[in-house]
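Enquirer: Got a predicted model here, sequence first, then my questions.
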Amino acid sequence: MTSSVPRVRRTSTTLADGRELLYFDDTEPYVSGAATRRLDDPRPLPDRFAPVVDADGVSRPIRGPEMRYDVLTGEWVPMAAHRMNRTFLPPADANPLAPAKPGAAYSDGEIPAEDYDVVVFENRFPSLMTVPGVADEVSALNGEELYPVRPAVGRCEVICFSSDSTASLASVTPGRMRTVIEAWADRTTTLGALDGVEQVFCFENRGKEIGVTLHHPHGQIYAYPYLTPRTATMLRQARAHRERTGRNLLRDVLDAELRAGVRIVLESTHWVAYVPAAARWPVEVHLAPRRDVPDLPALTDDERADLATTYLTLLQRLDRFFVDPDGAPVPLPYIAAWHQAPVREGRDDLRLHLQLFSVLRAPGKLKYLAGSESAMGAWISDTTPERIAARLQELAR
């Protein structure tokens, strides 16, 4: 922040097992530094990198998740078997993302403070994790050169949008939404600077239909040691487009949508929301800045402030997309995915944008990925982009 008294105060601490936790405060007395959130973690957790005793009674160094290369698709597939034991839909009194209860006995919550604004911490059950002393080297699985394998280095973080477990991101204030944006930008910069990280991905899974395991309002941030398949595909398309035209593909997409107008659902000073011309999901909308920027850290102060209000408007409208038989709004289950340019390559070819989509095709009815989508990767849409856009435009009136 450029002001002498920052609007958001970032405070880092370490949890009992060695994971990092960061508070992003926007309220007093914390934002000014007059007070500090609780920094100690009373849980008797072992160090996450400590040797483990195997079934044979022998202590061995911990092994992190690994990645195997799929020679049929050219994609890396992380293997994280320990995630089978992660927390799954706990009762309200055992929510690990809730703040600590004042005066309560010890509980295995992740956040030691009795209240917080926005908090980020390393995932206790990560699919990507850099283990000290383990070299990021490629070896051959079973001695077969056909099957490269390497450590699944990187980092997985959880971001809690509110201390209120009954809230949603759509219900936070514009000021709190701005704090979330500051946290996303901070983590993108920090994680992108880690050795071996190629791409940083901020996202939110919302709703039991999506498969969330915790109902508390939260998202995740992944730092990948490779380019994800979606990003690699977009980069390939963008480079081919530049070779043909000399222009940026995502810039041309935004300009084409603005010219057509029919799929534009929301405009502000700095942002445009539209349903993409080849939308795949029953509900899908993209949100892009008017200015060409590669990632969230590149946004100006004005663009971030505008995003805070524009994003909330979009989320609130989406929560009215479907209604039940009595006319009551049906909260939309969704995935909100921030597409950012990779850390190193493609900085001039890819452009920041949000892709938000839902598997819900009608109240109580889901879009299942059947044979064509799942086996062949050949998508079949159950609606049209123009119908999706018309409904979102209707909700603005």
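Expert: Thanks, I have the structure now.

Enquirer: Please identify the buried residues of stretch 291-302?
Expert: 293, 294, 295, 296, 297, 298, 299 (16 or more other Cβ atoms under 10 Å). For the C-beta atoms, the positions are set from N, CA and C on the backbone; glycine is no exception.

Enquirer: Among those residues, which one sits closest to residue 366?
Expert: Of all those, residue 296 has the smallest distance to residue 366: 30.4 Å, by Cβ to Cβ.

Enquirer: where does the residue nearest to the closest one when sequence neighbours are not counted fall, phi/psi-wise?
Expert: Nearest in space to residue 296, with sequence neighbours left out and distances taken as Cβ to Cβ, 6 or more residues apart in numbering, is residue 185 at 4.4 Å. Backbone dihedrals for residue 185, given as degrees, to the nearest 10, come out at phi -70, psi -40.

Enquirer: Residue 185 against residue 297, yeah?
Expert: Yes - the pair residue 185 and residue 297 passes the contact test of Cβ atoms under 8 Å, sitting 4.6 Å apart.

Enquirer: coming back round to it: can you lay out the buried residues of stretch 291-302 as a markdown table showing distance to residue 314, secondary structure and pLDDT?
Expert: Putting the buried residues of stretch 291-302 into a markdown table (distance: Cβ to Cβ, whole Å; DSSP: H, G, I helix; E, B strand; the rest coil; pLDDT from 0 to 100) gives the following:
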| residue | distance to residue 314 | secondary structure | pLDDT |
| --- | --- | --- | --- |
| 293 | 18 | coil | 97 |
| 294 | 22 | coil | 98 |
| 295 | 20 | coil | 98 |
| 296 | 16 | helix | 98 |
| 297 | 21 | helix | 98 |
| 298 | 21 | helix | 98 |
| 299 | 16 | coil | 98 |
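
Enquirer: would you turn the residues you listed into TSV with distance to residue 145?
Expert: Shown next, in TSV, are the buried residues of stretch 291-302 (distance: Cβ to Cβ, whole Å):
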residue	distance to residue 145
293	42
294	36
295	36
296	40
297	40
298	41
299	44
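
Enquirer: care to break this protein down by domain?
Expert: The chain breaks down into these domains under automatic domain parsing: 9-226, 230-394.

Enquirer: where among the ones you listed is the average confidence lowest?
Expert: With a mean of 91, domain 9-226 has the lowest mean pLDDT of the domains of the chain.

Enquirer: Just checking the distance from that one to the centre of its chain.
Expert: The chain centre lies 11 Å from the centre of domain 9-226; the measure is Cα atoms, centre = their mean, to the nearest Å.

Enquirer: Then stretch 372-388?
Expert: When distances are taken as Cα atoms, centre = their mean, stretch 372-388 is centred 23 Å away from the chain's centroid.

Enquirer: which parts of that stretch are buried?
Expert: Buried-residue list, stretch 372-388, by 16+ other Cβ under 10 Å: 383, 385, 388.

Enquirer: what does stretch 152-168 give?
Expert: 152-163, 165, 168.

Enquirer: go on, stretch 169-181?
Expert: 169, 170, 171, 172, 176, 177, 178, 179, 180, 181.

Enquirer: helix, strand or coil for the last one?
Expert: Going by DSSP: H, G, I helix; E, B strand; the rest coil, the secondary structure assigned to residue 181 is helix.

Enquirer: Return the distance of it relative to residue 130.
Expert: Going from residue 181 to residue 130 by Cβ to Cβ, to the nearest Å gives 26 Å.

Enquirer: do the same with residue 140
Expert: Counting by Cβ to Cβ - residue 140 and residue 130 are separated by 22 Å.

Enquirer: what are the ranges of the helices in the stretch 251-397 of the chain?
Expert: 301-318, 371-376, 385-394 (DSSP state H, counting those that start in this stretch).

Enquirer: Out of these, which gets nearest to residue 54?
Expert: For residue 54, the closest of the helices of the stretch 251-397 of the chain is helix 371-376, at 36.3 Å, according to Cβ to Cβ.

Enquirer: Using CSV, write out the CA atom coordinates for the closest one.
Expert: Provided in CSV are the C-alpha atoms of helix 371-376 (Å, rounded to 0.1, in the frame of the first residue of the first chain):
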residue,chain,number,x,y,z
GLY,A,371,-19.4,-40.1,-21.7
SER,A,372,-18.8,-37.5,-24.3
GLU,A,373,-17.4,-34.9,-21.8
SER,A,374,-15.6,-37.3,-19.4
ALA,A,375,-14.1,-39.8,-21.8
MET,A,376,-13.6,-37.8,-24.9
